[in-house]
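Novice: Model the structure of this input:
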Amino acid sequence: MDALRYLDEPDFHETQCPSWAVCVGYTGVVAAVTMSNFGSAWGTWKSGVSVLHTGIRHPTSVMKNIIPIVMAGVIGIYGLIVAVIIAESIPSPSKGRDNAYSIYTAMGHLCAGICAGASGLAAGGCIGIVGDYGVRAVGYRASQISLFPSSVEKQGYSSIPDGDMEATGGGGDISGSEDQGKLFVFMLIMLIFSEALALYGLIVALIVSQHSYSCLEA
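Specialist: Okay, the predicted model is just below:
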């Protein structure tokens, strides 16, 4: 019975080191690059359109509002770093056609690629949406564009004085430039925390990608 049991058991090398394990590892490379680049392109597209739209009415704020585009472009670099590390960690078969790449290592590389790619995709979308509305709000405030053309739509909203006009009611000076600066700082804080999402995925991906098991050392 023991001899029959050993005959029915699959080979350990074939179980831990199948020939298709390389496909799983390279899937992690593809996931890291494509999903991060998609998030970077998404954020650049949303933020870039708003910067161009706002630059028509307020050209001096273009260089300051370009920050969301730069932060969205960095996300693609995170995916590139993880993809290069995973690709360099995938060994080639030996001259005797023995596969040294185990399924344990392949699954680790796949998880690392998905962590970096999915985090970059979420961060890119968040940066794009925040940058879109934030840049438009800062531009509208700088251009002193009225968002409420009629008095009926303006009801229920507090009136903030524009330019160098003093606020009534003992509230002190609240100029349009100060209010614009507050909007920009609030937008910048949201962008920083959105960028941190991609950084968290990068850190986890770097840790997981170091988990390896070589079949030739078994």
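Novice: Poorly predicted segments of the chain, please.
Specialist: Applying pLDDT under 70 to the chain flags the ranges 1-14, 94-97, 140-180, 216-218.
Novice: one more time with 50, if that's ok
Specialist: Within the chain, the segments meeting pLDDT under 50 span 1, 4, 6-9, 147-148, 152-175.
Novice: what helix or strand does residue 105 sit in?
Specialist: If you go by DSSP states H and E, residue 105 is part of helix 103-143.
Novice: Quick one: classify residue 92 as helix, strand or coil.
Specialist: Following DSSP: H, G, I helix; E, B strand; the rest coil, we place residue 92 in the coil state.
Novice: ok, now how distant is residue 136 from residue 49?
Specialist: 10 Å (CB to CB, to the nearest Å). (C-beta placed from N, C-alpha, C; glycine too.)
Novice: What of residue 204?
Specialist: Counting by CB to CB, the gap from residue 204 to residue 49 is 32 Å.
Novice: Centroid-nearest residue for the chain?
Specialist: residue 120 (2.6 Å; CA atoms, centre = their mean).
Novice: Give the closest residue to that residue in space, chain neighbours not counted.
Specialist: Of all residues not flanking residue 120 in the chain, residue 36 sits nearest, at 3.5 Å (CB to CB, 6 or more residues apart in numbering).
Novice: residues in contact with that neighbour?
Specialist: Neighbouring residues of residue 36 by CB atoms under 8 Å, 6 or more residues apart in numbering: 75-76, 78-80, 82, 116-117, 120-121, 124, 198.
Novice: likewise residue 23?
Specialist: Contacts of residue 23 (CB under 8 Å, 6+ apart): none.
Novice: can you give me the helices in the chain?
Specialist: 2-8, 12-16, 21-57, 67-89, 103-143, 151-154, 176-208 (DSSP state H).
Novice: Tell me which of those helices is the most buried.
Specialist: Mean neighbours per residue, mean count of other CB atoms under 10 Å, is largest over the helices of the chain for helix 103-143, with a mean of 24.
Novice: How far off centre is it?
Specialist: 3 Å (CA atoms, centre = their mean, to the nearest Å).
Novice: Tell me the helices and strands packed up against that helix.
Specialist: helix 21-57, helix 67-89, helix 176-208 (3 or more CB pairs under 8 Å, 6 or more residues apart in numbering; DSSP states H and E).
Novice: quick one: stretch 197-216 to chain centroid distance?
Specialist: The answer for stretch 197-216 is 17 Å, by CA atoms, centre = their mean.
Novice: which residues are contacting that stretch?
Specialist: 13, 16-17, 32, 36, 39, 74-75, 78, 81-82, 85-86, 89, 91, 94, 98-102, 104-105, 108-109, 111-113, 115-120, 122-124, 126.
Novice: How about exporting stretch 200-218 as CSV, limited to the C-alpha atoms?
Specialist: Extracted in CSV, the C-alpha atoms of stretch 200-218 (Å, rounded to 0.1, in the frame of the first residue of the first chain):
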residue,chain,number,x,y,z
TYR,A,200,1.7,52.3,0.2
GLY,A,201,1.3,49.9,-2.7
LEU,A,202,4.9,50.4,-3.7
ILE,A,203,6.2,49.6,-0.3
VAL,A,204,4.1,46.4,0.0
ALA,A,205,5.1,45.4,-3.5
LEU,A,206,8.8,45.8,-2.7
ILE,A,207,8.4,43.6,0.4
VAL,A,208,6.4,40.9,-1.2
SER,A,209,8.6,40.7,-4.3
GLN,A,210,11.6,39.6,-2.1
HIS,A,211,9.8,36.4,-1.1
SER,A,212,11.4,33.7,-3.2
TYR,A,213,12.0,30.0,-3.4
SER,A,214,14.5,28.4,-5.8
CYS,A,215,13.8,25.0,-7.2
LEU,A,216,17.5,24.3,-7.9
GLU,A,217,18.3,24.7,-4.2
ALA,A,218,15.7,22.2,-3.1
